[in-house]
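[1] mind folding the following:
(one chain, ligands or ions: 1)
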Amino acid sequence: MYLLCIPLPLLVVNPPVALKPRLRWADQLEYLPQTANKLAMEEVLTLGLGGVGAVYSLALDLSKQARITTVCRSNYQVVKDNGLTIHSDSFGKFEPWRPHKVVSSTSSPEATETEYSYILVTTKALPEATPSTADILRPVVSKNTTIVLLQNGVGIEDPISAAFPENPIISCSVYLSSSQFSSGVITQTALERVVIGGFDNGVVNSMLLKNRVARFAELLRVSGANVAVNDDIQMERWKKLLWNASYNTYCTVTMMDTLTFCETVPNATELIRTCMNEVLAVSNALGHSIPPETVENLIKFTMGNGKYKPSMLLDRERGSQMEVEVLLGNPTRIAKEHGVPTPILNSLYGILSAENWKLRQG
Ligand SMILES: CC(C)(CO)C(=O)C(=O)O
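    Model (predicted):
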């Protein structure tokens, strides 16, 4: 059993950034229906029903204020016939849990007949994959849809925002120890925490975005989820990247869980620390203020905890594509644009890109 609890320094929510100028009355009125509809049933579509997708779909369902349609691919038949078995330390045991509707694709008539207020994207973030996530979403995104990204990495919002500039996007930093070890059976142990915030693309009205974030947070909170709202969600994403760009990558290269890597590789701590400091330097160059002691706190915490297999290692073991672009490719490109040297991240990017290529060859 692999357990991981995320240390407090990683979870501490920053104080809100400076208040934005107040909207005029007329602008506020325009968005009043969002508040007036507060208790209306939300139509929610979940793309991807693995560990993260299943647990947060269940959570939204438990709010009794959301009707869940799920798009399933590999587990479509199993979920359609039997529902999902979910054993969740946070939300309880469900044998089975059934979404309102199960569909096999976003373009199927059963999927497109509904207008969704929220679409949850919980698939792996693979910007290089075809069809792109934006293309998969296109048939089900309508004028009033808010797109919620529950994915790892940085820069993940850009392609979605480019495809749907008028739709609010909620970006989420998810800490969830949950996996689908066999088709349709999901296990989630102690860790459950999500930090959410609006993605400001300069097009979507900021009051509308704030309302959509608040409503989504409320839905999760009602169900008992551990949710926090942070206006500086990008800082949260970079903070999480400290862990993902170091432990995910070294554990995957060595095919070792965190503890085995730390205990058997003589310079493990030095490797992790250098990697985290590179991520910190890029994040500083972007103007995010992650406390520097976060690095040592994360190392101390991870070394003092049990064996844990990061998601990237699980992907490699399954022979699936790994999130190399969003955990390493985007950060190294951003580093380059800002003149920040990242030799360790660059070399991990090269090595893991090669591994991804080999996985694609089968
Ligand atoms: C934080 C953690 C460990 C679980 O959500 C993760 O992001 C991963 O395994 O990739």
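[2] what is the burial count for the residue of the chain found nearest the ligand?
    Closest contact between the chain and the ligand, by Cβ to the nearest ligand atom, is at S311 (3.4 Å). The C-beta positions use only the backbone N, C-alpha and C, and glycine is treated the same way. Look at S311: counted by other Cβ atoms under 10 Å, it has 22 neighbours.
[3] surely it touches Y247?
    No: at 10.5 Å, S311 does not count as touching Y247 under the criterion of Cβ atoms under 8 Å.
[4] follow-up on the earlier one: which residues touch the residue of the chain closest to the ligand?
    N152, N248, E323 (Cβ atoms under 8 Å, 6 or more residues apart in numbering).
[5] I'd like the residues you listed as a markdown table, with secondary structure appended.
    Shown next, in a markdown table, are the contacts of S311 (DSSP: H, G, I helix; E, B strand; the rest coil):
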| residue | secondary structure |
| --- | --- |
| N152 | coil |
| N248 | helix |
| E323 | coil |
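[6] ok, and which of those reach the ligand?
    Among the contacts of S311, the residues that sit close to the ligand (Cβ under 6 Å from any ligand atom) are N152, N248.
[7] which members of the contacts of S311 are classed as buried?
    For the contacts of S311, a burial check counting by 16 or more other Cβ atoms under 10 Å picks out N152, N248, E323.
[8] ok, of those residues, which one's closest to E293?
    N248 (21.5 Å; Cβ to Cβ).
[9] for L209, see how far away the closest one is.
    Between N248 and L209 the distance is 30 Å, computed by Cβ to Cβ, to the nearest Å.
[10] V44 should be in a helix, yeah?
    No: assessed with three-state DSSP, V44 is strand; it does not lie in a helix.
[11] contacting residues around it?
    S57, L60, A66, R67, I68, T69, Y116, S117, Y118, I119, L120.
[12] ok, the third one touching L60?
    It refers to A66. Yes: in this structure, A66 is within contact of L60 by Cβ under 8 Å, at 4.2 Å.
[13] okay, and the common contacts of these two?
    What both A66 and L60 touch, as defined by Cβ under 8 Å, 6+ apart, is the set E42, V44, L219.
[14] now those residues in CSV, with pLDDT and distance to G92?
    Supplementary listing: the shared contacts of A66 and L60 in CSV, determined by pLDDT from 0 to 100; distance: Cβ to Cβ, whole Å:
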residue, pLDDT, distance to G92
E42, 98, 21
V44, 98, 20
L219, 97, 17
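[15] need the pLDDT of S179.
    In this model, S179 is scored at 82, pLDDT.
[16] fine, thanks again, bye for now.
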